[in-house]
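Novice: One predicted model, sequence on top.
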Amino acid sequence: MFEKTLRENISDGKINSLLSIKIVAENLVETTEERYAPKLQQPSLHFMLGGLSNLNKGKAVLYEIGFPGYGQKIKYSSFIGHGSPYARTIAKYLFPRDNKIGVIPLACKDIVNRVAFCVQWVGDDIDNYVGDDAQIMYLLDDDPQIHDAPFNKGKITAKVKAMQQNLTKVTFSTK
């Protein structure tokens, strides 16, 4: 439904930026949620939409669109799905923010490994609904190519296990 509506809007000349695509997505989510959320007794759609601000050039932008059809620009990071509350808690300590300039001061490779770490930890030990291996992709400013983000699952798993082992050694004094 989204693709069909998007094609129609493109052929009508209504799509000229990622923001205009976001608005189409918001309207579809709102309409779908109005119809199905009462039957399911919960909001059902929540997703991310990303691309370059001017479609073929510009800054890479990511939006999170959820109930009731509201989309917001993601500044630092976002996790959606069953394990998202757990992943957010772990990520809070893995993604330092440089508040002076408003960016995460890490290289793309470091960000990919830290996201994989969060997904691996949550999927292995916290939330059984999180399945399969992490699939991480990224987009760079002024580059319309979507890149697959490679990471070493074995090394990530070892880091998760080491961190969990270190947490078992934490003690609290009652004095």
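Specialist: Thanks, I have the structure now.
Novice: can you pull the contacts of Asp124?
Specialist: Asp124 is in contact with 157, 160, counting by CB atoms under 8 Å, 6 or more residues apart in numbering. All C-beta atoms are positioned from the backbone trio N, CA, C, and that covers glycine.
Novice: one more time with 10 Å
Specialist: 130, 157, 160-161, 164 (CB atoms under 10 Å, 6 or more residues apart in numbering).
Novice: Can I take it that it is in a strand?
Specialist: No - looking at Asp124 with DSSP: H, G, I helix; E, B strand; the rest coil, it is helix, so not inside a strand.
Novice: The chain should start at 8 in everything you say after this.
Specialist: Right, with 8 as the first residue, what we last looked at is Asp131.
Novice: Quick one: the strands in the protein, in order.
Specialist: Ranges of strands in the chain, per DSSP state E, are 54-59, 67-73, 77-80, 144-145, 154-155.
Novice: Can you convert the ones you listed into TSV and add a column each for mean pLDDT, distance to Gln127 and mean neighbour count?
Specialist: Output for those, formatted as TSV (pLDDT from 0 to 100; distance: least, CB to CB, whole Å; neighbours: other CB atoms under 10 Å):
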stretch	mean pLDDT	distance to Gln127	mean neighbour count
strand 54-59	87	19	17
strand 67-73	87	21	18
strand 77-80	85	27	13
strand 144-145	84	17	14
strand 154-155	86	17	11
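Novice: between the ones you listed, which gets nearest to Leu35?
Specialist: Checking these against Leu35 by CB to CB gives strand 67-73 as the closest, at 9.1 Å.
Novice: And the nearest residue to Asn63 once chain neighbours are set aside, how close does it get to Gly58?
Specialist: Excluding the flanking residues, the one nearest Asn63 by CB to CB, 6 or more residues apart in numbering is Pro151, at 5.3 Å. Going from Pro151 to Gly58 by CB to CB, to the nearest Å gives 8 Å.
Novice: Mind giving me the packing neighbours of the top helix by length along the chain?
Specialist: Longest helix in the chain by number of residues, with DSSP state H as the criterion: helix 25-47. The contact analysis (3 or more CB pairs under 10 Å, 6 or more residues apart in numbering; DSSP states H and E) places helix 25-47 against helix 9-18, strand 54-59, strand 67-73, strand 77-80.
Novice: okay, those in JSON lines with distance to Leu113 next?
Specialist: Below are those laid out as JSON lines (distance: least, CB to CB, whole Å):
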{"stretch": "helix 9-18", "distance to Leu113": "32"}
{"stretch": "strand 54-59", "distance to Leu113": "18"}
{"stretch": "strand 67-73", "distance to Leu113": "15"}
{"stretch": "strand 77-80", "distance to Leu113": "20"}
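Novice: which one of the ones you listed lies closest to Tyr100?
Specialist: When those are ranked by proximity to Tyr100 (CB to CB), strand 67-73 comes first, at 21.1 Å.
Novice: All set, thanks.
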